[in-house]
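Chemist: Any chance you can model this:
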Amino acid sequence: MEPAGLTLFTFAMSHYSEKIRWVLQASRLPFREVMLTPAFHMLPALRMGGQGQTTLPVLREQRLNGRQVHVQDSTRILLWLDERHGPLDLLPQGSDLRDECLSIEDRFDNIGRDVARFLYLDAFRHDDKILAMWTAQASPWQRRLVRLGYPLIKGVFKFRLNITPAAAKRSEQRILQALAWLEGRLSDGRLYLVGSRLSVADITAASLLAPLACPSQHPVYSTPDYVQTLRPRTIALEMNRPALAWVRKLYDLHRGDLPQFRQAA
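Modeler: Predicted structure coming up:
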């Protein structure tokens with residue numbers, strides 16, 4: 001029987017996975033991380049999530065009586081952690097502050113698919129680098145199969161995420177609106193979005209924008225291959241933009257070194 005505790009199932013490039021990884025670490029909740037490989041994640045996610053969805057992250061709690069509980073979707077995981085292992089310091093306990101915090105969490109969660117869509121539109125022109133990132137934690141046989149099936153996997157990915165120039169352009173506009181909102185929020189000199197300390201609002205905004213800000217602590221979005229080749233490049237998304245500089249500052253202050261990714265057994 002697996003030892004009691006928490007296991008987080010993630011993707012290396014998933015900003016939603018980074019959000020929950022950060023929440024767990026900031027909350028000092030011990031957990032084991034299992035990195036899944038694209039395409040090979042689908043059946044485990046369907047089976048564990050029980051919602052007909054193939055999305056990650058999924059959090060599993062192995063209880064002492066042998067029972068397993070699975071929670072899928074980053075917001076559902078967050079609220080479950082607060083109820084089961086909280087109250088979390090990252091969620092203010094006053095009703096008004098808590099509601100404000102969750103409202104901002106929802107605001108940035110809602111641009112997660114936009115960030116991915118906008119990113120991959122150009123990134124898929126560099127198949128070798130995408131393959132390398134997708135299979136960095138794969139076993140040798142998984143790596144071979146992903147390479148063989150890559151054209152199909154890429155096509156399904158583009159279809160499900162609606163990666164087209166027109167859709168990516170709409171996503172870019174929603175991203176820019178979110179950045180403008182964030183910069184307005186920070187214009188009074190505050191560091192934290194809600195209250196006077198780090199909260200889920202900050203973690204969500206920083207995690208979901210990490211593919212654009214490229215904080216040095218992130219093991220994927222800080223690599224030379226990603227920064228120099230895959231990161232979206234537009235004048236409006238220059239690295240010194242205040243919202244993206246804030247993301248990197250938050251990482252500098254609160255993230256520290258990430259643990260090494262673990263390969264799925």
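
Chemist: Going by C-alpha atoms from here, please, whenever you check contacts or count neighbours.
Modeler: OK.

Chemist: Any idea how far the helix-or-strand element of the chain with minimal mean pLDDT is from the middle of the chain?
Modeler: Taking mean pLDDT, DSSP states H and E as the measure, the helix or strand of the chain with the lowest value is helix 42-49, at a mean of 78. Distance of helix 42-49 from the chain centroid (Cα atoms, centre = their mean, to the nearest Å) equals 18 Å.

Chemist: just checking, what packs against it?
Modeler: Where contact means 3 or more Cα pairs under 8 Å, 6 or more residues apart in numbering; DSSP states H and E, helix 42-49 is packed against strand 58-62, strand 68-72.

Chemist: and the next element down the chain from the last one?
Modeler: What it means is strand 68-72. Counting by DSSP states H and E, the next helix or strand C-terminal to strand 68-72 is helix 74-85.

Chemist: Now do that next one and strand 68-72, the angle between them.
Modeler: 140 degrees (axes from the mean of the first three to the mean of the last three Cα atoms, to 10 degrees).

Chemist: any weak-confidence spans in the stretch 151-265 of the chain?
Modeler: The model of the stretch 151-265 of the chain has pLDDT under 70 over residues 235, 257-265.

Chemist: same thing but at 50, please
Modeler: The model of the stretch 151-265 of the chain has pLDDT under 50 over residues 260-265.

Chemist: What segments of the stretch 151-265 of the chain are strands?
Modeler: For the stretch 151-265 of the chain, applying DSSP state E, counting those that start in this stretch gives no strands.

Chemist: CA atoms only: put stretch 188-200 into PDB for me.
Modeler: This file holds the C-alpha atoms of stretch 188-200, laid out as PDB (Å, rounded to 0.1, in the frame of the first residue of the first chain):
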ATOM      1  CA  ASP A 188      -0.400  52.600  -5.700                       C
ATOM      2  CA  GLY A 189       2.900  50.900  -4.800                       C
ATOM      3  CA  ARG A 190       1.500  47.800  -3.200                       C
ATOM      4  CA  LEU A 191       3.400  44.500  -3.500                       C
ATOM      5  CA  TYR A 192       0.500  42.100  -2.700                       C
ATOM      6  CA  LEU A 193      -2.800  42.100  -4.500                       C
ATOM      7  CA  VAL A 194      -4.900  41.400  -1.300                       C
ATOM      8  CA  GLY A 195      -3.900  42.500   2.100                       C
ATOM      9  CA  SER A 196      -0.400  42.800   3.300                       C
ATOM     10  CA  ARG A 197       1.100  39.400   2.700                       C
ATOM     11  CA  LEU A 198       1.300  36.700   0.000                       C
ATOM     12  CA  SER A 199      -2.100  35.100  -0.900                       C
ATOM     13  CA  VAL A 200      -3.600  32.800  -3.400                       C
END
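
Chemist: So for that stretch, what gets flagged as buried?
Modeler: 191, 192, 193, 194, 198, 199, 200 (16 or more other Cα atoms under 10 Å).

Chemist: What are the phi and psi values at the fifth one?
Modeler: In other words, residue 198. Dihedral angles of residue 198 (phi, psi; degrees, to the nearest 10) stand at phi -60, psi 140.

Chemist: what sits against it?
Modeler: 90, 192 (Cα atoms under 8 Å, 6 or more residues apart in numbering).

Chemist: Wait, residue 78 touches residue 20, no?
Modeler: Yes - using Cα atoms under 8 Å, residue 78 makes contact with residue 20 at a distance of 7.2 Å.

Chemist: okay, these two: which has more neighbours?
Modeler: residue 20 (26 against 22; other Cα atoms under 10 Å).

Chemist: Just the element for that one, please.
Modeler: Going by DSSP H and E, residue 20 is in helix 15-26.

Chemist: How far does that helix sit from its chain's centre?
Modeler: For helix 15-26, the distance to the chain centre is 7 Å (Cα atoms, centre = their mean).

Chemist: got the CA coordinates for that helix in CSV?
Modeler: Presented in CSV, the C-alpha positions along helix 15-26 are these (Å, rounded to 0.1, in the frame of the first residue of the first chain):
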residue,chain,number,x,y,z
HIS,A,15,1.0,26.9,-15.2
TYR,A,16,-2.0,25.5,-13.3
SER,A,17,0.2,22.8,-11.9
GLU,A,18,2.8,25.4,-10.8
LYS,A,19,0.0,27.3,-9.0
ILE,A,20,-0.9,24.2,-6.8
ARG,A,21,2.8,23.2,-6.4
TRP,A,22,3.4,26.7,-5.0
VAL,A,23,0.4,26.6,-2.8
LEU,A,24,1.4,23.3,-1.3
GLN,A,25,5.0,24.4,-0.7
ALA,A,26,4.0,27.8,0.7
